[in-house]
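**Q** the amino acid sequence is not available; the structure is as follows:
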């Protein structure tokens, strides 16, 4: 463990281990008999104490002591209950047992938990607890159990956060590598910020001092990670917005959208926030139309989690057939009715009100035959910038600034980050430090994020170079750096209208524009391992992500207009990686050919054993009915059923995946997707 080689046991060691195991088994047998029979005598507790001294990790034994404590207290006479010294002697005995266990293993979860439980009963000296903590923290300054317990005792003694903060300062000055002290410092400062204690609000006063404090640590030993992690926390405190904000939407504010007339015109409305939120409903968000054509509005999170939260939320508005009029424009207004009811996962309300409006008109639906969609270069031509859809994109690049950001506040943040960039550039001139390069990359991106939107990211080339260097310097964390590299690249591509248009292509004459739209966003062959910047892509109908290195498409569910998607030649290993597709009800064309679906029997990133009971996807009982008694043969396809079962795909490509080698799978798809017209390039009859 931690780089120490394993030593072979000597015969003496093996004999001692066997004797210890025999003793533990004997004690456990006697203890479990007492536990089963609810025996809480003095002799039974002494036996339990011996067992815990040998094996402090035996949680059942600690739980037994709690039951014995409650039993013995409740069975005391009224005189004994009134005798504080008698009660204190019982508590002291419990604390003694814990101390003996901690001498055996001072990182025992059960022992620390039991001590906290006993001390919370009262009749204990918190001064003695602090002395004990000092003893343990001298033995191991990074023992996070002791630090957690210290926060508990500080709360009981009403020790101020300022005083505890000074204690962390002393511990860090004694040892810069004390990660637990740095962590406790961040916890204490968070409390002081929340309570807006004098000297800690506004933030810039103490942040300046903290940046200098942690700089002393990282410049003293650049290879120690403790201070670097604290610096990351400081950076987050500097740049983060303290409340959720709605940052993008579909349709965008002030836009005009045109929909084809059908029996009923239905279209999605998407709200995209800067972080995961909860609480969107008809009470917190109001939808107004001049003819009140939309009633009973329900907002749903676009997320694969089961906790009723998401960064993107959707509702569907409808214009009934009797209201349709090709000469009329319908205005829709959406606003936060009760923004306090929309909160982050930590409970911070979206207290900044927001609103936007857009116009909807309808047009005659020209019925067109559906032809096969291809993504070859020959299928596209240079985009015509006069297209109406191009004008629609401009709204995503309007310069916006949050009302909560006062110009003075933005200025000091920018200056502080610029100062840190200069410091760490200097550090890297004399220290080849991996985490220093990572910190510099984060600082540069934070600096660019605070600049006015609608302009190119100024440091992107330097950041991409830093991540490329890190991939070579730190192979064990290669995938993390690769993912960050991909996200930075996408930020640059979507940072301004001019940049994004380089990746937009126009379909040549096609009979299927009603399926794909006229524009395809081609992000193919970019070596992307992760996708992001979805707030700028809510307008996309056709997307080409082929010939990349994607293992998942998490976040793609926000693109509710998506009807045509090319994921061929990536590294998707299972149908579970396609889970976001379940939310894309407009999807008609899908290409997942030449991936690794079926090559891995177990998707180890999601579960340990492959079965419907152990997966994040909910097992659909209707699968058995669909299999029609043939479930033994089709059981391996239940994930595909969960993904594709709710879609109306007209074209699907799955060739080049191991699972396609099973002929039953092709027949399964044809049965599952009755609307399918093209499968692996062949027209179905």
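**A** Everything's here; your move. Being a predicted model, the structure only gives us computed values, none of them experimental. Residues are numbered from 1 along each chain as shown.

**Q** report all helices and strands that the longest helix along the chain contacts.
**A** In the chain, with assignment by DSSP state H, the single longest helix is helix 11-36. Identification of packing neighbours for helix 11-36 by 3 or more CB pairs under 8 Å, 6 or more residues apart in numbering; DSSP states H and E yields helix 42-54, helix 59-74. C-beta coordinates here come from the backbone N, C-alpha and C atoms, glycine included.

**Q** relative to helix 42-54, how tilted is it?
**A** 140 degrees (axes from the mean of the first three to the mean of the last three CA atoms, to 10 degrees).

**Q** quick one: closest of the helices and strands packed on helix 11-36 to residue 444.
**A** Checking the helices and strands packed on helix 11-36 against residue 444 by CB to CB gives helix 59-74 as the closest, at 47.3 Å.

**Q** count the neighbours of residue 194 for me.
**A** Residue 194: 10 surrounding residues under other CB atoms under 10 Å.

**Q** which residues in the stretch 151-300 of the chain form helices?
**A** When secondary structure is read from DSSP state H, counting those that start in this stretch, the stretch 151-300 of the chain shows helices at 161-174, 179-194, 203-220, 226-239.

**Q** quick one: name whatever helix or strand follows the helix or strand bottoming out on mean pLDDT in the chain.
**A** Scoring the helices and strands of the chain by mean pLDDT, DSSP states H and E places helix 631-634 at the bottom, with a mean of 52. Past helix 631-634, further along toward the C-terminus, the next helix or strand under DSSP states H and E is helix 638-644.

**Q** so which elements touch that following helix?
**A** Packed on helix 638-644, when contacts are counted by 3+ CB pairs under 8 Å, 6+ apart, are helix 622-627, helix 663-672.

**Q** which one of these has the poorest average confidence?
**A** Lowest mean pLDDT within the helices and strands packed on helix 638-644: helix 622-627, at a mean of 67.

**Q** what's the pLDDT at the residue nearest the centre of the chain?
**A** Averaging the C-alpha coordinates of the chain gives a centre point, and the residue nearest to it by CA atoms, centre = their mean is residue 276 (8.7 Å). According to the predicted model, the pLDDT of residue 276 comes to 93.

**Q** regarding residue 332, what is its secondary structure?
**A** When classified by DSSP: H, G, I helix; E, B strand; the rest coil, residue 332 comes out as strand.

**Q** report the contact partners of it.
**A** 269, 287, 288, 289, 294, 317, 357, 358, 359, 360 (CB atoms under 8 Å, 6 or more residues apart in numbering).

**Q** which of these count as buried?
**A** With neighbours counted by 16 or more other CB atoms under 10 Å, the contacts of residue 332 contain buried members at 269, 287, 289, 294, 317, 358, 360.

**Q** hmm, which two among those residues are most spread apart?
**A** For the buried ones among the contacts of residue 332, the maximum inter-member distance is 13.2 Å, found between 294 and 358 (CB to CB).

**Q** residue 203 touches residue 237, doesn't it?
**A** Yes: in this structure residue 203 lies within contact range of residue 237 using CB atoms under 8 Å: 6.6 Å.

**Q** ends of stretch 375-388, how far apart?
**A** Its start and end residues considered, stretch 375-388 measures 23 Å (CA to CA, to the nearest Å).

**Q** buried set for that stretch?
**A** Neighbour counts over stretch 375-388 (16+ other CB under 10 Å) mark 375, 379, 380, 383 as buried.

**Q** chain center to it, what's the gap?
**A** Here stretch 375-388 shows a centroid-to-chain-centroid distance of 36 Å under the convention CA atoms, centre = their mean, to the nearest Å.

**Q** could you do stretch 229-243 as well?
**A** When distances are taken as CA atoms, centre = their mean, stretch 229-243 is centred 17 Å away from the chain's centroid.

**Q** now do that stretch: everything it contacts.
**A** Here stretch 229-243 makes contact (CB under 8 Å, 6+ apart) with 179, 182-183, 185-186, 189, 193, 203, 207, 210-211, 214, 217-218, 274, 344, 348-352, 402, 404-405, 413, 416-417, 420, 439, 442-443, 446, 449-450.

**Q** do the same with stretch 678-685
**A** Counting contacts by CB under 8 Å, 6+ apart, the residues touching stretch 678-685 from outside are 372, 593, 650-655, 660, 666, 669-670, 676-677.

**Q** mind running it again at 6 Å?
**A** By CB atoms under 6 Å, 6 or more residues apart in numbering, the list of residues contacting stretch 678-685 from outside reads 372, 651, 652, 653, 655, 677.

**Q** can you check stretch 443-454 too?
**A** When contacts are taken as CB under 6 Å, 6+ apart, the neighbours of stretch 443-454 outside the stretch itself are 239, 397, 399, 414, 417, 420, 421, 457, 458, 459, 463, 496.

**Q** what does the longest strand belonging to the chain contact?
**A** For the chain, the strand reaching the highest residue count under DSSP state E is reported as strand 264-278. Taking CB under 6 Å, 6+ apart as the criterion, the residues outside strand 264-278 that touch it are 244-250, 259, 308-309, 311-319, 321, 342, 344-345, 362, 535, 538, 560.
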